[in-house]
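1. model this:
(one chain, ligands or ions: 1)
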Amino acid sequence: MRKLGIYVQVPFCQTKCTYCNFHTGVVASSRFAPYVEAVCREIREHRDLLRAAGVGEDLAEKAHSQEWRCHEAVLDTVYIGGGTPSLLDPAHLQNILDAIRETFAGSLEEVTLEADPETVEAEKAAASGRMHRRADIYRAVPILREAGIGNISFDLIAGLPHQTKDSWRRSLEELAGLAPEHVSVYLLEIDEGSRLGKELLQGGGRYSAGAVPSEDEMAEFYEMAQKALGAAGYHHYEISNWAKQGFESRHNLKYWRREPYLGFGAGAHSFSGTQRWANAHDAAAYVAAVQSGRLPVEQQEKLTADSALEEELFLGLRQLDGIDLARIEQEYGVTVMERFDPLAAAGLVERQGSVVRLTPEKLSISNEVFVELMR
Ligand code: SF4
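-> As a prediction, the model looks like this:
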């Protein structure tokens, strides 16, 4: 049975982190309520809005069919991300979850709420479930545990200014001591989208740009994380993700497995299986569109067989279990095995029958594999 995931984007933050390249902003809290109202309305009216605009027709059609709702694909995961969704009032979070429950068939088997440790309060933890200092983490975890939340995930960024091997080792040790069920490790992205990235690319020194570790150091941090998390009993299941057995993110697995998901809120992305579309990034433009009864979509793409195949390979390879090339060849009517010959010869991928996977020792240079694959 196909399962549907829902993503809700909350693009507001308490402050704008210098290294962040997401479309998020700091706004007056008076803008939260109209935004949440727009999200709830988009959720409740999405089928008619999509159908009227001819977007995601396959999904909209299926969503209208009783048979699909009951037997084929039902909602099982909700991910409220951002931004900092934990900035919202508990009542806002509740309204969003209520709108989802009333609109979709299925049960919420996994609900994820992204939070800045500084914003975690008992009331919010009970409702659902960076500027922060280390102490905020030690304060937030017991609050969440006390609220009965048995699945906590930490995000770590490798490559922040002033990070050293020692400070990174201590972070990993402290994380293991706090024993979250899930861990994501991201390498700092250096691009024009963040203030720090821009400064670095322009050769400037603001935002401690001069203290950003080198690419080699970042690769070393990643390898240290691989070792430390493995030793602490975490299973490495995706390039950036580790979990205690059974706590792999069901929602995020849908992205890598190309399963359908619907995104609500400014900048949220959706995928029907054959089409991708994205909402307006600007929160004010998004709210205005929903308030006037328009679909807030600003980009849409019908996937060609070639782009679907590329996605299969890139998203599939991100998972440490690898991909079954025999299935892909059969599904797409193509031959792809030999594309992996040079990568296997260079030791970048491993083969077992028709399954190919990234070599664990070479994961820190996985980008090279993707570049090679595109040649
Ligand atoms: S809290 Fe997260 S989303 Fe918000 S600015 Fe910082 S890194 Fe970006």
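2. contacts for whatever helix or strand L144 lives in next, please.
-> Applying DSSP states H and E as the criterion places L144 in helix 134-146. Helix 134-146 has contacts (Cβ atoms under 8 Å, 6 or more residues apart in numbering) with A115, P117, E118, V120, E121, A122, A125, G129, I152, E174, L178, P180. C-beta here means a position set from N, CA and C on the backbone, and glycine is covered the same way.
3. residues contacting the spatially closest residue to D324 that is not a sequence neighbour?
-> The shortest distance from D324 to any non-neighbouring residue, by Cβ to Cβ, 6 or more residues apart in numbering, is to V355 (5.2 Å). V355 makes contacts with D321, G322, I323, D324, L325, as judged by Cβ under 8 Å, 6+ apart.
4. relative to F340, how far out is V355?
-> 11 Å (Cβ to Cβ, to the nearest Å).
5. can you work out which residues contact both of those two?
-> L325.
6. that's a strand at S171, yeah?
-> No - counting by DSSP: H, G, I helix; E, B strand; the rest coil, S171 is located in no strand; its state is helix.
7. how deep is it tucked in, by neighbour count?
-> 20 (other Cβ atoms under 10 Å).
8. what's the spacing between it and the ligand?
-> 16 Å (Cβ to the nearest ligand atom, to the nearest Å).
9. who are the neighbours in contact with that residue?
-> By Cβ under 8 Å, 6+ apart, the contact set of S171 is L156.
10. same question for the one 10 residues further on.
-> Neighbour list for E181: G150, N151, I152, S153, A243, K244, F247 [criterion: Cβ under 8 Å, 6+ apart].
11. so what pLDDT did it get?
-> At E181, the model reports a pLDDT of 98.
12. again with H71
-> Value listed for H71 in the pLDDT field: 44.
13. for V336, see how far away the residue of the stretch 201-350 of the chain found nearest the ligand is.
-> Of all residues in the stretch 201-350 of the chain, the one sitting closest to the ligand is G267 (11.5 Å; Cβ to the nearest ligand atom). Using Cβ to Cβ, we find G267 at a distance of 33 Å from V336.
14. any stretches of this structure with poor pLDDT?
-> 1, 57-73, 124-132 (pLDDT under 70).
15. how is it carved up into domains?
-> 1-130+247-303, 152-233, 305-374 (automatic domain parsing).
16. can you select the buried ones among the contacts of E181 for me in PyMOL?
-> Buried residues among these (16 or more other Cβ atoms under 10 Å), as a PyMOL selection:
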select buried, resi 151+152+153+243+244+247
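17. pull the most distant pair out of the contacts of E181.
-> G150 and A243 (13.1 Å; Cβ to Cβ).
18. tell me, how many residues neighbour G203?
-> For G203, using other Cβ under 10 Å, the count is 8.
19. quick check: it is in a strand.
-> No - judged by three-state DSSP, G203 forms no part of a strand; its state is coil.
20. what's the offset of stretch 182-190 from the middle of its chain?
-> How far stretch 182-190 lies from its chain's middle: 11 Å, per Cα atoms, centre = their mean, to the nearest Å.
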